[in-house]
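**Q** Prediction below, plus the sequence it came from.
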Amino acid sequence: MSYIILRDIPKQSVQLDLLLHQIQGGFRGFRDIPGGFHYGAVLSQGKWREFWCYLQAETVLVKRFDAELQKLVEDPPEQIEQYSQLAGQNAMDQVLMPYPVNQWENWQSLTQYIKTDSPKLYLEQSSFGEVNSESRSRFEKAFIVAHQGNIEAFLAEFQFAFLRWWMTTKGEMDRGVQEYWSSLLDGMYNAGERAIASHPELFSQFIDVLLPQLAQLPPEAFTPKSVVCTHLDYLIEDINDTEIGELRQKGRILSAYIQKRQAS
C-alpha cells in the first residue's frame, strides 16, 4: 500500500479518486492506497486544483500546495525523504485518512488500463493531424493508426478521456475532452461489422470498460438522442451480425443496461 502526503493545503475539501472529503483537524493526506492510477484535487479559492499520479506499490508521494501558483507541486527531495520515513514508520497514521476500500473496485474499473503517471490523449499530440486522414474511418484513426492496433493502449486512452472529462464536472468542465471521449465512443459504435469481426477481443473489452463509465453518468445521459444512445443500435446490430457468441452476449448485457437506465 502507498501514501499521498499533502502539505500546506487549504483547509476546505479534498478529493482522492471517487472520495470527496471535508478536511477536518490535522488532516495530512491518505494512507493504505492501492497501487495504480489515481486522481487528486484540493479546493482553493473556489476552484479545484488537480493532479494525476501512478503509484507503484509501497510508494510515498509528497505534494505541497503553492499558494502563489495555486497548484500542488513536488516537494524538495529532503522533504520527500523526511515524510517517507515518517509514513514508513507509521508515525503519521493518525493524520492520514485510510483509502476507502469499498471504493477501490469501482475506481479500478475506470482506470485498470492506465499504466503511466502522465497518460496522453492523441488529440493533444502534434502527430494527430496524420491520424485525422480523411481516407480512414473514425475507428481506424483511433485504433489502427493512433495505437497500431494495441488494445490496451486504446482502452487506456478511452479511460483517460472519460476521466479527464468526468472528474472535472465539479469544476470547469473540459468541453474539448468531453467531445473527444464522445468521438471515441461514436467511432466504436460506427466501426461496422467487418471491423468488429476482425477485432472481437477489442470490442468485448470495450464493453467491459464502457459499462463502469456509464454507471457514473446521470439519468439525462441516457435520453434517446444523447451521445450514449445515438448510434448504439448500430453497434448492437453489427455485433449480432458477427455471430460471435461471447461478443453477442456482451452486446446483450450492454443493451439491457441502457434499457434499464432509460426506464429508471
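**A** Alright, I've got the coordinates.
**Q** make it CA atoms for all contacts and neighbour counts henceforth
**A** Will do.
**Q** which stretches of the stretch 151-264 of the chain form helices?
**A** Counting by DSSP state H, counting those that start in this stretch, the stretch 151-264 of the chain has helices at residues 151-166, 175-189, 193-198, 200-216, 232-242, 245-263.
**Q** cool, the stretch 1-150 of the chain as well?
**A** Counting by DSSP H, counting those that start in this stretch, the helices of the stretch 1-150 of the chain are 77-88, 101-111, 128-131, 138-139.
**Q** hey, least reliable of those by pLDDT?
**A** Across the helices of the stretch 1-150 of the chain, helix 128-131 has the smallest mean pLDDT, namely a mean of 44.
**Q** Same list, the helices of the stretch 1-150 of the chain, but as TSV with distance to residue 235 and mean neighbour count please.
**A** Formatted as TSV, the helices of the stretch 1-150 of the chain follow (distance: least, CA to CA, whole Å; neighbours: other CA atoms under 10 Å):
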stretch	distance to residue 235	mean neighbour count
helix 77-88	49	15
helix 101-111	21	15
helix 128-131	23	14
helix 138-139	12	21
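**Q** From residue 181, how far off is the closest residue to residue 206 other than its chain neighbours?
**A** Using CA to CA, 6 or more residues apart in numbering and skipping the chain neighbours, the partner closest in space to residue 206 is residue 155 (7.0 Å). Separation of residue 155 from residue 181 (CA to CA, to the nearest Å) stands at 11 Å.
**Q** can you count the residues close to the residue nearest to residue 206?
**A** Number of residues near residue 155 (other CA atoms under 10 Å) recorded here: 22.
**Q** doesn't residue 113 make contact with it?
**A** Yes - with contact defined as CA atoms under 8 Å, residue 155 counts as touching residue 113 (6.4 Å).
**Q** List the residues that contact residue 74.
**A** By CA atoms under 8 Å, 6 or more residues apart in numbering, residue 74 lies in contact with 62-64.
**Q** of these, closest to residue 46?
**A** residue 64 (18.5 Å; CA to CA).
**Q** The closest residue to the closest one other than its chain neighbours and residue 46: what is the separation?
**A** Excluding the flanking residues, the one nearest residue 64 by CA to CA, 6+ apart is residue 7, at 4.5 Å. According to CA to CA, residue 7 and residue 46 sit 19 Å apart.
**Q** Residue 148: neighbour count?
**A** Residue crowding around residue 148 was assessed by other CA under 10 Å; the count is 13.
**Q** backbone phi and psi for it, please?
**A** Per-residue torsions, residue 148: phi 50, psi 30 (degrees, to the nearest 10).
**Q** before we move on, back to that, dump the helices of the stretch 1-150 of the chain to TSV, plus distance to residue 120.
**A** Shown next, in TSV, are the helices of the stretch 1-150 of the chain (distance: least, CA to CA, whole Å):
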stretch	distance to residue 120
helix 77-88	27
helix 101-111	14
helix 128-131	12
helix 138-139	18
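**Q** nearest to residue 147, of the ones you listed?
**A** Set against residue 147 and scored by CA to CA, those come closest in helix 128-131, at 10.0 Å.
**Q** OK, contacts around the residue nearest to residue 206?
**A** 113, 206, 209.
**Q** likewise residue 163?
**A** Residues in contact with residue 163 (CA under 8 Å, 6+ apart) are residue 110.
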